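Visitor: the following comprises the amino acid sequence and a computationally predicted model.
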Amino acid sequence: MSKRPILVIPDPVLRKVAEPVAAVDDDVRALVDDMLETMYAAPGIGLAAPQIGVLERIVVLDVAGDEEEKAPMALINPEITWQSEETRVHQEGCLSIPEYYEEVERPAEVTVRYLDRDGAAQEITADGILATCIQHEIDHLNGVLFIDYLSRLKRDRVTKKFAKQARLAATEKA
């Protein structure tokens, strides 16, 4: 296992759509392990493969609280098959948009079909923070960021801030 660098906006990879995983094999399991190590080190509660530059439909998450035992999950080729009409507002952040948080409204419950790290088909219905996290991470697989749910003004402001930071970092490296 190894920790990988996390891409930060405005990296264009974050806006690309990830490809389905053809087969769950040792390479995919190794990637899942790297993603979990990267997520825990960040620290975060979810990470999608595109956030580390891998355009495959893989998500890892662990929404266990600080005082709870770790409960890592790997969702390969996840697909939301149902979502509730009832919504929930939760303050979201993103490892690819460090130290920026905003309230986002999403369906309160979702049902997701996916493959686990052994390639077995699974389905879960989630609510609360797990439902929010799953939706946030699946959005990453589709090139969507949580800031896309914000007003244009807020989205433009945060995008410009990170673009400026990227330009300054590139200038310092040169």
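Guide: Arrived safely.

Visitor: residue contacts, residue 63?
Guide: Residue 63 sits next to 45, 46, 71, 129, 130, 133 when contact means C-beta atoms under 8 Å, 6 or more residues apart in numbering. For glycine as for every other residue, the C-beta is placed from the backbone atoms N, C-alpha and C.

Visitor: might one say that the second one is in contact with residue 136?
Guide: If I follow you right, that is residue 46. Yes. With contact defined as C-beta atoms under 8 Å, residue 46 reaches residue 136; the gap is 6.2 Å.

Visitor: pick out whichever of these two has more residues nearby.
Guide: Higher neighbour count among residue 46 and residue 136: residue 46, with 28 against 24, using other C-beta atoms under 10 Å.

Visitor: give me the pLDDT value at the closest residue to that one other than its chain neighbours.
Guide: Among residues not flanking residue 46 along the chain, residue 61 sits closest, at 4.0 Å (C-beta to C-beta, 6 or more residues apart in numbering). pLDDT recorded at residue 61 is 98.

Visitor: report the beta-bridge partners for residue 61.
Guide: Under DSSP bridges, the beta-bridge partners of residue 61 are residue 46, residue 73.

Visitor: and it, what does it touch?
Guide: Taking C-beta under 8 Å, 6+ apart as the test, what residue 61 contacts is 39, 45, 46, 47, 72, 73, 75, 130, 133, 134, 137.

Visitor: return the distance of the lowest-mean-pLDDT helix or strand in the chain from the chain's centre.
Guide: Lowest by mean pLDDT, DSSP states H and E among the helices and strands of the chain is helix 152-173, with a mean of 90. When distances are taken as C-alpha atoms, centre = their mean, to the nearest Å, helix 152-173 is centred 20 Å away from the chain's centroid.
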